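*Asks:* Predicted model, plus sequence, below.
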Amino acid sequence: MIPHTLSEIWIYPIKSLAGVRQAKAKVKQKGLEFDRRWMLVDEQGRFLTQREHPEMSLFHMTLTHETLTVIGHTTQDQVRLDLIGPEEGELQPVVIWDDQVEAIEPDPRLSDWFSEHLKLRCRLVFFPESNRRDVDPDYAKNREQVSLADGYPFLIIGQPSLDDLNNRLTSPISMRRFRPNFVFTGGTPYEEDTWKNIRIGGSEFLGVKPCGRCVLTTVNPETGVKEKEPLATLSTYRKKGSKILFGQNLVGVVLNEVYEGDEIEIN
């Protein structure tokens, strides 16, 4: 039997912008360290995503230690920010889906840079670790919290699931479309749907809910253009009720570090 192995770790420091692959990561209650603690909001304080603004996919990211570099149109056109944002400052209400939380705008100059590139007035805000945002109580196990991810602290997807999907597509796509935190090799397609008790290295997780996918997965991360796939094909065999499922949402139980190459145990 081929073991399940953690093959990729991803964080998304600014919600709905590009991900950054990590060789290791600290597991925290709200999600991996530095994962979606920052977010762009419009003038009304509502979150911005690639669903309405697919051009957000075209920003490039590099991460050195705890400094994130965001690259705009050219490599000379960039800004840097400290991923450890302020825990204290002027709090302002912002909205993500049905949740209203309080965040801080640390530097209006960063907001101006993103506004210029997206051609709309927006603000870059930071969600302090001490501020609370609860996981949906229908699926939470112990009143877990989440960062600025859509709903859950962690998302895991098997490489066999993507391989099976790509075998059905005319043009293969990358895992980047699905924005997981964890990718694993080994096993069979879609088996993560049923995973409940999961150990990755020295950390433990609970599988709480298969992930319903939206139009964001149709944004080509290379071009910023929406396409029909993969939702058109997924809808033919991965639809349950009104949801198209791909990947499994997790909450953390034992919080340590995870490393690429860690063995994954399922109980």
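*Replies:* In hand now; what should we look at?

*Asks:* which stretches of the stretch 1-150 of the chain form strands?
*Replies:* Applying DSSP state E, counting those that start in this stretch to the stretch 1-150 of the chain gives strands spanning 4-11, 20-22, 24-28, 31-32, 38-41, 60-64, 67-71, 78-82, 91-96, 99-104, 123-126.

*Asks:* With the stretch 151-267 of the chain instead?
*Replies:* Secondary structure of the stretch 151-267 of the chain (DSSP E, counting those that start in this stretch): strands at 154-158, 182-185, 197-200, 203-212, 239-240, 243-254, 257-259, 263-266.

*Asks:* Nearest to residue 170 among these would be which one?
*Replies:* strand 243-254 (18.2 Å; C-beta to C-beta). Where you see a C-beta, it was placed from the backbone N, CA and C, and this is true even at glycine.

*Asks:* Tell me the strands beside the closest one, with direction?
*Replies:* With DSSP bridges as the test, strand 243-254 is paired with strand 154-158 (antiparallel), strand 203-212 (antiparallel), strand 239-240 (antiparallel).

*Asks:* looking at this protein, which helix or strand is least sure?
*Replies:* Here the helix or strand of the chain ranked lowest by mean pLDDT, DSSP states H and E is strand 60-64, holding a mean of 93.

*Asks:* So which elements touch it?
*Replies:* If you count contacts as 3 or more C-beta pairs under 8 Å, 6 or more residues apart in numbering; DSSP states H and E, strand 60-64 packs onto strand 20-22, strand 67-71.

*Asks:* now these as TSV including mean neighbour count and distance to residue 198?
*Replies:* TSV is the format used below for these (neighbours: other C-beta atoms under 10 Å; distance: least, C-beta to C-beta, whole Å):
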stretch	mean neighbour count	distance to residue 198
strand 20-22	16	19
strand 67-71	17	28
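
*Asks:* before we move on, back to that, quick one: which of the strands of the stretch 151-267 of the chain is nearest residue 44?
*Replies:* strand 203-212 (25.7 Å).

*Asks:* and that closest one with strand 24-28, angle?
*Replies:* Orientation check (axes from the mean of the first three to the mean of the last three C-alpha atoms, to 10 degrees): strand 203-212 against strand 24-28 gives 80 degrees.

*Asks:* Quick one: residues in contact with strand 203-212.
*Replies:* Contact partners of strand 203-212, identified using C-beta atoms under 8 Å, 6 or more residues apart in numbering, comprise 27, 135, 139-141, 152, 154-156, 192-199, 240, 243-258.

*Asks:* Identify whichever of the helices and strands packed on strand 60-64 lies nearest to residue 45.
*Replies:* strand 67-71 (21.0 Å).

*Asks:* So in that sheet, which strands flank that closest one, and in what orientation?
*Replies:* Within its sheet, strand 67-71 is paired with strand 60-64 (antiparallel), strand 78-82 (antiparallel), according to DSSP bridges.

*Asks:* Send me it as PDB with only the CA atoms.
*Replies:* Output of strand 67-71 as PDB, limited to C-alpha atoms (Å, rounded to 0.1, in the frame of the first residue of the first chain):
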ATOM      1  CA  THR A  67       8.500  39.800   4.800                       C
ATOM      2  CA  LEU A  68       6.100  39.500   1.900                       C
ATOM      3  CA  THR A  69       6.900  41.100  -1.400                       C
ATOM      4  CA  VAL A  70       4.000  41.700  -3.700                       C
ATOM      5  CA  ILE A  71       4.900  42.300  -7.400                       C
END
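
*Asks:* angle of that strand against strand 4-11?
*Replies:* Using the same axes, to 10 degrees: strand 67-71 against strand 4-11 is 70 degrees.

*Asks:* sorry, back to before: now the helices and strands packed on strand 60-64 in CSV, with distance to residue 188?
*Replies:* Shown next, in CSV, are those (distance: least, C-beta to C-beta, whole Å):
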stretch, distance to residue 188
strand 20-22, 24
strand 67-71, 36
